[in-house]
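> Below are the sequence and a predicted model for it; my questions follow.
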Amino acid sequence: MNDYDQRHDSLSRLPEGSYGYGGYTDPAPGGRPAPTKRKSGNMGKAIALVLACTLAGGGAGVGGAALYSQFNSARSANTTVMYESARDAVLTSAIPVGDTALTPAQLYELNVNSCVGITVESTTNVFGQTSSAAASGSGFVLTEDGYIVTNYHVIERAAISGGTITVSFKDGSSYPATVVGCEPDNDVAVLNIEASGLTPVVLGDSARLVIGESVIAIGNPLGELDYSITDGLISALDRLISTEDGSTLNMLQTNCAINPGNSGGPLFNSYGEVIGITTAKYSSSSSGTTVEGLGFAIPINDIKSILSDLIEYGYVTGKPYMGVQVGNVPEIAQRYGVVAGATIDSVTSGSAAERAGLQVGDIITALDDTAIDSASALTAALSSYRAGDSATLTVVRSNETVRLTITFDDKNEVTSATQSAAQQEQQQTQQQQEDALQDYFSQFPFGNYAG
């Protein structure tokens, strides 16, 4: 017997071993397919889309009393996992729910009490005017002692400017929540509520997914239609997605109905395991054409270590930190022969970038063997590295190619604060320059500078 109890006494455990980053081979009759190796990193062109969070005048409603079926009874009696710590709940590979696929009705009854609605009440002051708003989203129970997972953008207002967060359950109960830790770059947050005896979800293995596999989402669309279930398929894997705030994430694509309010909710495979966090939807094309059936979820494997770090430290350890602010080479400059890449706008004093010799105006065109044609491409490439790793940067400087070796720092609270201070200083300098130009041009009769 290992550190946790068997979730289902009557269901056999899958064989031990590493499954790799794979899809499926031919399944054995009546059982789960075995995984095969699948290449990762082929993430295609970034797509801008809408985060599936909603702003509403009130919080997410709470459903009536749950009707417990045999599946709920079996779960509460046989499937609760007892961990030595909340961190173990994430670091330890979860025991699969079973080898037999569940019907949507069975899966819903088994998991709905592990799904939550999240309401954030925040107050902002803009130009001296105070306004209040509520953001509604979804989430799920990670541990029986009250750790809850959701998207960062669901609770962002409370995390930044203060406010209240409420977690609601299907049985009508609700609890005030505190933020344990946030990871904005991966759009993940962990909350905690004062509760015990909760029913945690089972974390699955998103590396085993295959295109065409059935999946189900449970969440609170529009912040009003509580604990709704939608079904669909895995439409694509390894989509590189650029969200509204500029973050770039590796995503699963699904045709499950994902709407505002679904953000942070679980995406289940047909065996009842969480294999993703529903995060965003693609609502229209660049031409304005309305589209349907394009939802996206963060693969659960991408964030397991993040969740454990947030629980233990409140931030993610081992993230690579360069100490630069980067942008994209303007398209008009590229037309005149300037190479595409991530252009260095500022270098933080004492950072890994400064030690490596990076300078303002440099254009990063490659990180080791990965070509870099934009700031988002650099962000995506960095996700493969850890603090302490060394890499070769290919840089264009004054029309000459330079290769520099960088050893990444750890992106922790200190380095983040240093970079934030550098950003603020840069913004202040830019504002001072704009103000000076405004003052200068205001002297002339042709009007104010509006550049």
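Yes, it's here. Numbers count the residues shown, from 1 in each chain.

> can I get the CA coordinates of the helix or strand containing Asn250 in CSV?
Using DSSP states H and E, Asn250 sits within strand 248-254. Below are the C-alpha coordinates for strand 248-254, written out as CSV (Å, rounded to 0.1, in the frame of the first residue of the first chain):
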residue,chain,number,x,y,z
THR,A,248,1.1,32.4,-24.6
LEU,A,249,0.0,29.0,-23.4
ASN,A,250,0.0,25.4,-24.7
MET,A,251,-3.6,24.3,-24.9
LEU,A,252,-5.9,21.4,-25.7
GLN,A,253,-8.6,22.2,-28.2
THR,A,254,-12.1,20.9,-27.7
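
> What strands line up against it, and which way round?
Sheet partners assigned to strand 248-254 using DSSP bridges are listed as strand 228-243 (antiparallel), strand 295-299 (antiparallel).

> what residues does that strand touch?
43, 46, 186-187, 206, 209, 215, 217, 232-243, 267, 275-276, 279-280, 294-299, 302, 376-377, 379-380, 383 (Cβ atoms under 8 Å, 6 or more residues apart in numbering). In this view, the C-beta of every residue, glycine as well, is placed from N, C-alpha and C.

> Generate a ChimeraX selection restricted to the buried subset of these.
Under the burial definition 16 or more other Cβ atoms under 10 Å, those of the contacts of strand 248-254 that qualify are selected in ChimeraX by:
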select :43,46,186,187,206,209,215,217,232,234,235,237,238,239,240,241,242,243,267,275,276,279,280,294,295,296,297,298,299,302,376,377,379,380,383
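
> Any idea how many residues pack against Ala340?
The tally of other residues near Ala340 (other Cβ atoms under 10 Å) stands at 18.

> Correct me if wrong: it contacts Gln334.
Yes: counting by Cβ atoms under 8 Å, Ala340 does reach Gln334; the two are 5.6 Å apart.

> on that earlier part again, now render the strands paired with strand 248-254 as TSV, adding mean pLDDT and distance to Gly327.
Output for the strands paired with strand 248-254, formatted as TSV (pLDDT from 0 to 100; distance: least, Cβ to Cβ, whole Å):
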stretch	mean pLDDT	distance to Gly327
strand 228-243	87	14
strand 295-299	93	25
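
> Checking my notes, Ala381 in a strand, right?
No: under DSSP: H, G, I helix; E, B strand; the rest coil, Ala381 sits outside any strand and is assigned helix.

> which residues touch it?
Applying Cβ under 8 Å, 6+ apart, the residues near Ala381 are 367, 370, 372.

> Are any of these buried, and if so which?
367, 372.

> Show me the strands in the stretch 101-250 of the chain, by range?
Residue ranges of the strands in the stretch 101-250 of the chain, as given by DSSP state E, counting those that start in this stretch, are 115-126, 129-141, 147-150, 164-168, 174-183, 188-193, 202-203, 214-219, 228-243, 248-254.

> of all those strands, which lies closest to Ser263?
When those are compared by Cβ to Cβ, strand 129-141 sits nearest Ser263, at 4.4 Å.

> what mean pLDDT would you report for that closest one?
In this model, strand 129-141 has an average pLDDT of 73.

> got it, and stretch 316-330?
In this model, stretch 316-330 carries a mean pLDDT of 89.

> returning to that earlier point: closest one of the contacts of Ala381 to Tyr271?
Nearest member of those to Tyr271, counting by Cβ to Cβ, is Thr370, at 34.6 Å.

> Nearest residue to the closest one in space, please, no chain neighbours.
The shortest distance from Thr370 to any non-neighbouring residue, by Cβ to Cβ, 6 or more residues apart in numbering, is to Ala381 (4.6 Å).

> In this structure His401 contacts Thr394, no?
For residue 401 the amino acid is Thr, not His. Yes: using Cβ under 8 Å, Thr401 makes contact with Thr394 at a distance of 6.5 Å.

> Name the residue in these two with the higher neighbour count.
More crowded of Thr401 and Thr394, by other Cβ under 10 Å: Thr394, with 19 against 12.
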